[in-house]
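S.K.: pasted the sequence and its predicted model underneath.
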Amino acid sequence: MSSTDQILPSGDKLKKTLCWISEMLKDHPEKSRQQIISEAEVRFDLSPKECDFIDRKLRDNASQCD
């Protein structure tokens, strides 16, 4: 089993998702934030509640990728 197949705690999953979305927003300016969040929903198996949280975080420009 690879490291990407491991179940991540919710906080780690959300941090990875926020970082992925931030990178996608930079790399694909032609896509809207909502399009990218929809892709992340499928890619990271997010709940609607998690998607709402991520959308609010991005609107507040609070994502940090270290």
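M.R.: Sure thing, it's come through. Nothing here was measured: the structure is a model prediction, and the numbers come from that model.

S.K.: so residue 39, which state does it fall into?
M.R.: helix (DSSP: H, G, I helix; E, B strand; the rest coil).

S.K.: check contacts around it.
M.R.: With contact taken as C-beta atoms under 8 Å, 6 or more residues apart in numbering, residue 39 is in contact with residue 24. The C-beta positions use only the backbone N, C-alpha and C, and glycine is treated the same way.

S.K.: nearest residue to the middle of this structure?
M.R.: Nearest to the mean C-alpha position of the chain, counting by C-alpha atoms, centre = their mean, stands residue 17 at 2.7 Å.

S.K.: thought that one was touching residue 44?
M.R.: Yes - with contact taken as C-beta atoms under 8 Å, residue 17 and residue 44 are classed as touching, separated by 4.7 Å.

S.K.: which parts of this protein are strands?
M.R.: Assigned strands in the chain: none (criterion: DSSP state E).
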